[in-house]
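Student: Okay, sequence plus prediction incoming.
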Amino acid sequence: MRKIILFAFLFSAGMQVHAQGKSAVITAGHSLDIARPSETIEVPWKDIQALRLGLVYDMTEVRDADTKKLIVSQNLDLDGNGKPETLVFQWDFQPDETKKFVLQKAPVSMRTRFEAMSRTYGRFVPDRHDDYAWENDKTAHRIYGRALMTWEEEPLTTSGIDIWCKNTPNLIVNKWYAGDDYHRDHGEGADMYSVGPTRGVGGLGIWDGRQMFLSKNFKTAKTLANGPVCTIFELTYDSWQANGFTVSEIKRIRIDGGRQLNRMESTFKTKPGQTDMMVAAGLTMMQSGEFAFDAEKGWMAYWHGVKAAPGTFLGLAVAVDPVILKDIAGDARNNLAVMSVVAGRPLVYYAGGVWTKAGDIRDFQSWQAYLSQWCGRMASPVSARISVE
C-alpha cells in the first residue's frame, strides 16, 4: 500500500516538474480565403484541466501568444452546476490564418476584470409586460412574454421576434427601458420596427405547405450566460395545435459580440408522436421592401426603408443549413424559409439584421454578400486545439 502511495506521489510530482515553465497553448485557425471578424473560439474546460497546469475557473486569462495582449474571455456554465463547461473568447482572423493563444493564471477574478468590457447583454423585463430583450455591439432584439397578451392598453399575442435599430456599440437595453421613450431616436437609434402578429426577424411556426400554425407568447425565460463574449437564454412555449397534432417548443437563443445574426436553437415535443415536421422561419413582408435568397448557400434576406428614419434602411435575414432547407415560400405576411425537423432533435438556424445608420453595411448588395460569407463561415468553423508548450 505504501509503495502505491509513494508511486502516486512521485508521479504527481514528476508531472508538476514536467509542466514547470510550460504553458497551455490554444492553436486556432481556418482555411477560408476571407477575413473572419469576431470569430468565437471555444475550448472545453475538461481539456484545459487535463493538462494538469493548475488552471482554474475565473482565475485564468487568455493572451495573444505573440504580443502577450490580454483577450477578453468568458466561462460558460450552461447547466448551472457551478462548473463551467467551456472557455470562450474572440479573434478577428485574417484569410487562411492560424493563431496561437496562451492561457495563464490570473491574479484576480477575470469575471470582475471583464465586467465593464461586455459586448453582449440580455435580461427578462417583467416591468415591460414580460419582454425578453438582448443585444450586442451591433444590434438589439426583443421577444414577447405572456403578460403582453392581456395588457389593457395594447395587447399582443405573437412569438415573432423584434429588432431595434441602434447605431452605437454601447449596450442600450437598460438605458432605453429606463427612459421609456425608445420609439424616438435620441442619437443612438430606436425601436422603429413593427412585429405585430408576423414572424418578425426569424420567428418560427409549423408549416403544412399552405399556412403557419403558431405558438403564443413565451411562458418562461431563463438567462444561461450574460457576456462579455456572448449572451445565451432559453424560452419555453406552451403547447399549441398544428394541423392534427400538439406541439411545444424550447428555444435557446445566443448572441455573440460583433455579429449581425443570432444563433437560434429550437427543440419540439409533439403529441401524439409526430416525428417529422416542416417548420418555417419568417421575415415580415413590407410594402416597399426588396427580397432575395440563395437556396444553395441557405439564406434569405429582406431590405426596406425605415419610415421613422428617412434615408436609412433595415436589412433582415434568416440563414439555414442547406441540408435542411426544403423551400423558400411565403404566406400573406411573411417570407418563409421552410426546414425539415425531427421532434426531440434541436433545429439550428440563424436570424438577425442590420441598420444602415450603424455604418457597417450600407446597401442590399453588401448585406447579401455578408450573408453568403456568414453561411460559408458556419459551414467551415474555426478549428481549435489545446496543448502544452
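Tutor: It's in. Numbering: from 1, shown residues only.
Student: which phi and psi does Met378 have?
Tutor: Backbone geometry at Met378, expressed as degrees, to the nearest 10, gives phi -70, psi -30.
Student: same deal with Trp367?
Tutor: The phi/psi pair for Trp367 (degrees, to the nearest 10) reads phi -60, psi -40.
Student: what's the spacing between it and Met286?
Tutor: For Trp367, the distance to Met286 (C-beta to C-beta, to the nearest Å) stands at 15 Å. Glycine gets a C-beta too; all of them are placed from N, C-alpha and C.
Student: neighbour-wise, which of those two wins?
Tutor: Neighbours around Trp367 and Met286, counted as other C-beta atoms under 10 Å, are more numerous at Trp367. The numbers are 27 against 19.
Student: mind listing what that one touches?
Tutor: Under the criterion of C-beta atoms under 8 Å, 6 or more residues apart in numbering, the neighbours of Trp367 are 301, 303, 315, 317, 354, 361.
Student: excluding its backbone neighbours, what's nearest it?
Tutor: Taking C-beta to C-beta, 6 or more residues apart in numbering as the measure, Trp367 lies nearest to Gly315, with 4.1 Å between them; neighbours along the chain are not counted.
Student: what pairs with that neighbour across the strands?
Tutor: In this structure, Gly315 has the following beta-bridge partners (DSSP bridges): Trp303, Val354.
Student: my guess is it contacts Lys357, does it?
Tutor: No. Gly315 sits out of contact with Lys357 when judged by C-beta atoms under 8 Å, with a separation of 11.7 Å.
Student: follow-up on the earlier one: who's in contact with the residue nearest to Trp367?
Tutor: By C-beta under 8 Å, 6+ apart, the residues touching Gly315 are 301-303, 353-356, 361, 364, 367.
Student: Scan those residues and report the most crowded one.
Tutor: When neighbours are counted as other C-beta under 10 Å, the busiest of those turns out to be Gly353, with 29 neighbours.
Student: and the gap between the residue lying closest to Thr168 once chain neighbours are set aside and Gly203?
Tutor: Counting by C-beta to C-beta, 6+ apart, Thr168 lies nearest to Glu188, which is 4.5 Å off, once chain neighbours are set aside. Distance check for Glu188 against Gly203: by C-beta to C-beta, it reads 25 Å.
Student: For the stretch 1-150 of the chain, which segments are assigned as strands?
Tutor: Secondary structure of the stretch 1-150 of the chain by DSSP state E, counting those that start in this stretch: the strands cover 24-29, 36-44, 60-64, 70-71, 73-76, 86-93, 98-105, 120-125, 131-136, 140-143.
Student: Figure out which of those is closest to Pro322.
Tutor: Among the strands of the stretch 1-150 of the chain, strand 36-44 comes nearest to Pro322, with 19.8 Å by C-beta to C-beta.
Student: Just list what the closest one packs against, helices and strands only.
Tutor: Strand 36-44 is packed against strand 24-29, strand 86-93, strand 383-388, with contacts defined by 3 or more C-beta pairs under 8 Å, 6 or more residues apart in numbering; DSSP states H and E.
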